[in-house]
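**Q** I need the structure of the sequence given here:
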Amino acid sequence: MPDIAENGRTWVLSGPTSSYAVHLTENDELLHLHWGPRIALADAEELAARPLPSGASFESPLDGREEYPVEGGPRFVRPALSVRTAERRGTEWSFDRYDTEGDELRLRFRDAGLAITLHYRMRGDVVERWTTLDNDGAEPLELLRADSATWTLPDREDWQLSHVHGRWAAESRLVRSSLTYGEKVIGSRRGHTGHQHLPWLALDTDATEERGEVYGCALGWSGSWRIAVAQLPDARVQITGGAGYDDSGLLLLEAGESFTTPVFAGLWSESGFGGASRTWHSYQRTYVIPDADQDRPVLYNSWEATQFDISEEQQETLAQRAAAVGVELFVVDDGWFGARTSDRAGLGDWTPNPDRFPAGLKPLADRVHAQGMQFGIWVEPEMINPDSDLYRAHPEWVQYQEGRKRTEFRNQLVLNLAREDVQEYLWEQLDGLLSSAPIDYVKWDFNRCFTDAGWPGEAYPQRLWVDHVRALYALLDRLREAHPGVAFESCSGGGGRIDLGIMSRTDQVWTSDNTDPLDRLAIQHGFSQIHPARVMAAWVTDSPNNQLNGRVSSLRFRFVSAMAGVLGVGGDLSEWTEAELAEAREWVALYKEIRPLVQHGDLYRLRPPTGGLSAVQYVRGDGTVVLALLQAQHYGEPVPALRLRGLDPTASYECLETGEVHRGAVLLHHGLRTGLRGDLDATVLRLRRI
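**A** Numbers count the residues shown, from 1 in each chain. Model (predicted):
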């Protein structure tokens, strides 16, 4: 429950180590007071009593201090809310009331026919914020911009901004730079979260991996989005973010309609970037990820072994080999449905190909289950090929601009999921599919950005950008309710749709199409800044890596790299030697042993993947495991020792691999070969408290 002042105009939310406070002035100006170490209500009231600085002719005393700046009035910062009616543009709100429900605080404002509710909830040390907009009037309201929240940072010098950037097969590359005056904007105008940025950022002044203050924000939205970080003329810093990339129009609210923004979550940590990451991870495992306390199984995916050339007999042979190495979930990827013999046809026709699966998927699924594994399939429901029965029946169901040339990335178009008839079609197809066979897992892909995002005949076609995502969420929610035993993975050509919104409806995500074990170290390092290993799917594939770069790497290195998340195997097992299969069986068995630590433990990044040695550590209870990977080494260069973290410095720990006993936090690295030049090596070290 939030702490509330007697006058009902100052509110404080507190977690285990942090507090967040806001204050409403007598002029109904909602001001940010504090975000940082825990404070009492009396401290917040003292802050509220301090007067605003007097404004000069060219400046506003509200700028950089308001909790949720709206467009209009004496303010010049980027507005979080921009509203247009037939008569006017902007907002001149007045405070209505506040109320609470459980741990949620609601601050309610009004402007003519628009009701504005700011929501707050503290979960651990993560503050969840979102906004609800209700049109209570008689006339339509156009939401040009409706951000979830604005975050205000304390006065500091020399802010540093961290975020991740990338592209397909090179996602989540961490970068840190000085924040300068003006705005830094990250986001996606592609209709999905995008490979280019995760909707997360962090700011600090002098933090290290395990020390110093870090402020972080993450947006839970799976469509186009924008986060803007502004250093204002007086050096104050604000972060504003929400759905949609620009301000050309988000939604048209008719009388009686409502829009609730996605959650924009934020946290403060005094334990550096590692502490912030562990807080994010715990928050997601506790409040966001479905069934997060359950272990994710080791899977095998047939794509790299077969591509589109698949058959029931071939899949069964691969399943037998997968079961023999200890795989727990067998997944048939693209090519099982419709006329899908290449990427040119079949998308939209979600029935098994009669030539490849004459009796449907059930016989294969039953045989996979008989071998002790779960059964999964790949789908891409939001896409359609022009060469498909669905398109021939309903060409009007795709996004398109009338009178314009049509883009066909990957020979496919995007279904207009904002249409109710499309939503109902997909529900019938997918519900029927999941009811036709004992399917345990669905890999849900999205391989094309929005380009021709039009909706001929619709009065307000811009709404498809928001309504597509809302319909996706509703469809996933409906399927999960109807088929509670089915797990879902979010995939978008790899890491193109990873955010808190999709994670609340899926059990894991496909981190990247890049399965090269060396490339994956940087991708996984950036991913771990915000998201936990419990959702990070990682595969062991063939060497040389013919999918991307042709790099040769040992099976040992490939497995240890992939064991940092949810382990999967994606190589062509029919071509693996008996020795390779035997080694794989040992690695899978070892992963199952350490899986509770990796998927549910606290992560410590011991060494980033920028030098010769990369290492991560997971701690849970009295157990810990270290995954260390030697990326390159000059001749004669020693392998450095690793200083472990998160352990009791007064206790002793036995290394199960060597039998050595270590006291405190230093472990000399064992198992990596020395004296190499440019080779790759890796090891797993398990420790237990004695």
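
**Q** and residue 459, how far is that from residue 97?
**A** 34 Å (C-beta to C-beta, to the nearest Å). All C-beta spots, glycine's among them, are computed from the backbone N, C-alpha and C.

**Q** which residues touch stretch 651-666?
**A** With C-beta atoms under 8 Å, 6 or more residues apart in numbering as the test, stretch 651-666 has contacts from 624, 641-645, 647, 649-650, 667, 670-671, 683-690.

**Q** redo that, cut-off 7 Å
**A** 641, 643-645, 647, 649, 667, 670-671, 685-690 (C-beta atoms under 7 Å, 6 or more residues apart in numbering).

**Q** show me which residues of that stretch are buried.
**A** The neighbour-count check on stretch 651-666 (16 or more other C-beta atoms under 10 Å) flags 653, 655, 662 as buried.

**Q** before we move on, back to that, tell me the one of the contacts of stretch 651-666 nearest residue 31?
**A** Nearest to residue 31 among those: residue 645, at 38.7 Å, using C-beta to C-beta.

**Q** can you show me the strands along the stretch 301-450 of the chain?
**A** Assigned by DSSP state E, counting those that start in this stretch, the strands in the stretch 301-450 of the chain fall at 329-332, 374-379, 383-384, 413-414, 441-444.

**Q** out of those, which comes closest to residue 270?
**A** Residue 270 lies closest, by C-beta to C-beta, to one member of these: strand 441-444, at 38.1 Å.

**Q** any idea which helix or strand comes after that closest one?
**A** Where DSSP states H and E defines the elements, the next helix or strand beyond strand 441-444 is helix 464-482.

**Q** assumed residue 216 was part of a helix.
**A** No: under DSSP: H, G, I helix; E, B strand; the rest coil, residue 216 sits outside any helix and is assigned strand.

**Q** now it, which residues is it bridged with?
**A** Assessed by DSSP bridges, residue 216 has beta-bridge partners residue 202, residue 267.

**Q** wait, it sits on residue 267?
**A** Yes: contact status for residue 216 versus residue 267: in contact at 5.2 Å, counting by C-beta atoms under 7 Å.

**Q** quick one: contacts of stretch 396-414?
**A** 343-344, 347, 382-386, 415-416, 419, 422, 447-448, 450-456, 464.

**Q** columns pLDDT on top of the buried residues of stretch 651-666, output as a markdown table?
**A** Below are the buried residues of stretch 651-666 laid out as a markdown table (pLDDT from 0 to 100):
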| residue | pLDDT |
| --- | --- |
| 653 | 91 |
| 655 | 89 |
| 662 | 80 |
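
**Q** in helices, which of those appear?
**A** If you go by DSSP state H, the buried residues of stretch 651-666 have nothing in helices.

**Q** return the member of those residues nearest to residue 223.
**A** residue 653 (46.4 Å).

**Q** residue 621: neighbouring residues, count only.
**A** 11 (other C-beta atoms under 10 Å).

**Q** state the pLDDT value of it.
**A** pLDDT recorded at residue 621 is 94.

**Q** ok, residue 219 next?
**A** The confidence metric pLDDT takes the value 98 at residue 219.

**Q** residue contacts, it?
**A** 148, 199, 225, 227, 241, 262, 264, 499.

**Q** could the residues you listed go into a markdown table alongside pLDDT?
**A** Listed next are the contacts of residue 219 as a markdown table, based on pLDDT from 0 to 100:
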| residue | pLDDT |
| --- | --- |
| 148 | 98 |
| 199 | 98 |
| 225 | 98 |
| 227 | 98 |
| 241 | 98 |
| 262 | 98 |
| 264 | 98 |
| 499 | 98 |
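
**Q** can you tell me which of these are in helices?
**A** Among these, no member falls in helices (DSSP H).

**Q** nearest to residue 562, of these?
**A** Comparing those against residue 562 with C-beta to C-beta places residue 499 closest, at 22.9 Å.

**Q** for that closest one, give its distance to residue 464.
**A** Applying C-beta to C-beta, the value for residue 499 to residue 464 is 19 Å.

**Q** which residue packs closest to residue 611, ignoring adjacent ones?
**A** Nearest residue to residue 611, sequence neighbours excluded (C-beta to C-beta, 6 or more residues apart in numbering): residue 631, at 7.6 Å.

**Q** equivalent analysis for residue 380, please.
**A** Of all residues not flanking residue 380 in the chain, residue 445 sits nearest, at 4.3 Å (C-beta to C-beta, 6+ apart).

**Q** likewise for residue 551?
**A** Distance criterion C-beta to C-beta, 6+ apart; nearest residue to residue 551, sequence neighbours excluded, is residue 545 at 5.1 Å.

**Q** any idea how far the one you found is from residue 343?
**A** Counting by C-beta to C-beta - residue 545 and residue 343 are separated by 21 Å.

**Q** show me where the protein has its helices.
**A** Counting by DSSP H, the helices of the chain are 41-48, 272-283, 303-306, 312-324, 362-370, 389-393, 420-436, 464-482, 500-503, 519-527, 555-562, 578-600.

**Q** out of those, the one nearest residue 104 is which?
**A** Of all the helices of the chain, it is helix 272-283 that lies closest to residue 104, at 15.9 Å by C-beta to C-beta.

**Q** so what touches that closest one?
**A** Outside helix 272-283, the residues that reach it (C-beta under 7 Å, 6+ apart) are 123-126, 202, 207-212, 214, 216, 267, 269, 528-530, 532, 602-605.

**Q** which residues touch residue 314?
**A** Residues in contact with residue 314 (C-beta under 7 Å, 6+ apart) are residue 306.

**Q** do that again at 10 Å, thanks
**A** 302, 305, 306, 356, 574 (C-beta atoms under 10 Å, 6 or more residues apart in numbering).
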